[in-house]
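Asks: Below: sequence and its predicted model.
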Amino acid sequence: MESLKEKKIKKIKKIKKDDLKILFDKLRESYTVIGPKLSQGVVVLSEAGFEDLPAGFRDYQARGTYRLTDEKAVDVFSFSNGPDSFKRFLHPPLNEIFSFRKSKKGIAIEPAAKEGRPIAFVGIRACDTWALKLYDRIFLEGPARDPSYSALRKDSLVIAVNCPHPGDNCFCSSMGTGPEVTPEVTDVADIVLSELEKSFIVEASTPAGSDILEGIAGEEATDRDLEEKRSRIESCKKAMKKSVPYGELPELIYRNLEHPRWKDTAKRDLECGNCTQVCPTCFCNSSYDLIRLSGFSQKGAELKGVRIRKWDSCFSRNFARVHGGNFRPSRRARYRQWMAHKLAYTKEQFALPGCVGCGRCITWCPAGIDITEELEALKGVR
Amino acid sequence: MYDKTIPFEAKIRWIKRETRDTATYALKISDREIQRAYSFSPGQFNMLAVPGIGESAISISSCPADRDLMHTIRVAGDVTTAIDRLNVGDVVGVRGPFGSGWPIEETVGRDLMIIAGGLGIAPLRSIIRQILKSHPGGSRAPVLLYGTKTPKDVIFRDEFPRYRDVFEVHLTVDRADPEVYWRGEMGVVTALLDRVTFNPLNTVVFMCGPEIMVHRAVPELVARGVPGEKIFISLERNMDCGSGICGHCMFGPRFVCKDGPVFRFTDVEQFLKIMEI
């Protein structure tokens, strides 16, 4: 039985580039399709069709800089990650957890229903599949399975892409999380696309992915195609400009928790929290009770409201505040908490990398703080 | 099973004033089914919610065998202020229990020493009451060292005579109060260690109190020969979710809510040394 299932999901096809439209159409039958789209000069993720793909666009990214260029490339997925990631959809920035009514009689609580069609993500990069795997572990495998995340994640589909080019701030190859969607993450990537010069190699790695692939006509992928796929991944790896000393993590962080560099970074740090908002692995959040003015009723002294969970950031001043004090009053400590959580703690907490090397935090930092450079500085003399 | 992410309702059965700012609340879970399914071990905590105000992590101060589910709460922030305004018969939301409890199995065949500071006695009262009920046939009486700011701040004052039946109890205050006759010691809780004769190699320590107390007491204990692996401390951090998905309570790589709040000292030693971790 097991072997039959395995046989069924091992499916490799080669499709023409335009046939990607068929894939989109097929997905639309039963999913809400979320894909890359241009919006205000940025590649974002939103409900999108094949026509919306910013095919051939290239972006220029540097510290604190993101620009779409005029350069037109042949490859459909030649653009790299924008600020968005799947987390906006599976862990919404403002998320209703439950609604409550409090009266003299007692408290009535109604969990928020998460309805709607399951989501299909198209064009998720290798780095983000690692982040998604981490999210699954945080929200689904913790002591209490999170109902909101599990409802949104249930039946969702991920069409991942092997990157043809690295972004300017990418460093996934040194983190071991890209640019190729490797077997470690094919359990979250239902289908993996590899772009060749004239076609796509499409591989299904889960039964759900193989069901989708069923209805798409394609050719057999030849050895030469697979060779081309391999060489493209290799050249993408070679073109990556940034890197981190992955082998030295997490000890490099643990050894240097009192390094003077933290203080130096804190001087440049604006505490805007941009990095935590764009980071695909940052999951920290806060909950609060929201009561509208209309939530008060004189009759029976009733009170109506909702519990909202919103994204929070360890850069927030009150993040570690308790009655009578704050555990991280200094900016230095808050920056250290963020970086140490990314590069050291997560690995210990969830046995997965907490940084996937997507480079978003570098691009979207208005102060131009570069995590790879900060890490390099920790290696320096104290 | 009930869902730990959604609060259930509990009614306040009675309230007992402990000190000027602290009171013990006995709760009764309204839903019979949840009441039956709900179980906790000493040292765990609940998230208490006042709808419209918010939630707060409060340790359970009763023991599992007690009839009521008790929480001893000091007025400190928004939620605890709101709880303070509640009366008998009012309702609160409860989620839990969360966290690790005191490792009772570690005390088998060993001498237990409990060190508490201020409100830190609340999660320890759970284990104290359990020991009172079960009367372990150990060779020595377990030791209870308790320090507060002033004699008026002693929580569970009326219960100490009962504690003395089983425990060797020593109390200390930071400063005396002219209005209260005080027979205990004055000074920090670590000074009480001189009052006790104990075999350090056979001692297990359960400790909860302000972090400054932990910083002072642990080196003192270690210097007297208590192995670091046998010292257990209950830590406090900002908590929001209780199940390791909000990130607020992170203490180095540990989530205080799900990996703690009770930690083996040697597991957190390296991070306790670092300020603002």
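Replies: That came through fine.
Asks: for the closest residue to chain A within the stretch 51-200 of chain B, what are its contacts?
Replies: Residue of the stretch 51-200 of chain B nearest chain A, by C-beta to the nearest C-beta: residue B:76 (3.3 Å). Yep, even glycine has a C-beta here, placed from its N, CA and C like the rest. Going by C-beta atoms under 8 Å, 6 or more residues apart in numbering or on different chains, residue B:76 touches A:323-324.
Asks: mind checking which helix or strand it is in?
Replies: Using DSSP states H and E, residue B:76 maps to neither a helix nor a strand.
Asks: While we're on it, how confident is the model there?
Replies: Looking at residue B:76, its pLDDT stands at 91.
Asks: cool, and the one 5 residues further on?
Replies: pLDDT, residue B:81: 95.
Asks: Look up how far residue B:73 lies from it.
Replies: 10 Å (C-beta to C-beta, to the nearest Å).
Asks: Of these two, give the one with the bigger neighbour count.
Replies: Per other C-beta atoms under 10 Å in any protein chain shown, whichever of residue B:81 and residue B:73 has more neighbours is residue B:73, with 24 against 12.
Asks: who are the neighbours in contact with that one?
Replies: Applying C-beta under 8 Å, 6+ apart, the residues near residue B:73 are B:22-25, B:48, B:58, B:80, B:83-84.
Asks: For chain B, which strand extends over the most residues?
Replies: In chain B, taking DSSP state E as the definition, the longest strand is strand B:8-17.
Asks: among the contacts of residue B:73, which are in helices?
Replies: B:80, B:83-84 (DSSP state H).
Asks: quick one: which of the residues you listed has the most company?
Replies: Highest count within the ones in helices among the contacts of residue B:73 by other C-beta under 10 Å belongs to residue B:83, 23 neighbours.
Asks: and residue 52, how many residues sit next to it?
Replies: The chain I'm using is chain A. 16.
Asks: You answered for a different chain; I wanted chain B.
Replies: Neighbour count of residue B:52, defined by other C-beta under 10 Å: 16.
Asks: Helix, strand, or coil at residue A:287?
Replies: strand (DSSP: H, G, I helix; E, B strand; the rest coil).
Asks: right, and it touches residue A:312 too?
Replies: No - counting by C-beta atoms under 8 Å, residue A:287 stays clear of residue A:312, with 9.2 Å between them.
Asks: tell me, what's touching these two both at once?
Replies: residue B:246.
Asks: Tell me if residue A:27 really is in a strand.
Replies: No - read with three-state DSSP, residue A:27 is helix and lies in no strand.
Asks: Just the pLDDT for it.
Replies: So residue A:27 comes in at 92 (pLDDT).
Asks: check the ones in helices among the contacts of residue B:73 against chain A, which are close?
Replies: residue B:80 (C-beta under 8 Å from any C-beta of the partner chain).
Asks: could I get the ones in helices among the contacts of residue B:73 as CSV with distance to residue B:14?
Replies: Formatted as CSV, these follow (distance: C-beta to C-beta, whole Å):
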residue, distance to residue B:14
B:80, 18
B:83, 14
B:84, 15
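Asks: Can you classify the residue of the stretch 101-250 of chain B found nearest chain A as helix, strand or coil?
Replies: Closest residue of the stretch 101-250 of chain B to chain A, C-beta to the nearest C-beta: residue B:247 (3.3 Å). What three-state DSSP gives for residue B:247 is coil.
Asks: so where's the chain shaky on pLDDT?
Replies: No chain in the question, so chain A it is. Counting by pLDDT under 70, chain A contains low-confidence residues at A:1-10, A:300, A:381-382.
Asks: nope, chain B
Replies: B:1, B:135-139.
Asks: Quick check: the gap between the residue nearest the centre of chain A and chain B.
Replies: Nearest to the mean C-alpha position of chain A, by C-alpha atoms, centre = their mean, lies residue A:280 at 3.3 Å. Distance, residue A:280 to chain B, by C-beta to the nearest C-beta, to the nearest Å: 15 Å.
Asks: That residue: what's it in contact with?
Replies: By C-beta under 8 Å, 6+ apart, residue A:280 lies in contact with A:85-87, A:127-128, A:131-132, A:356, A:358, A:360.
Asks: Please consider this matter closed, and thank you.
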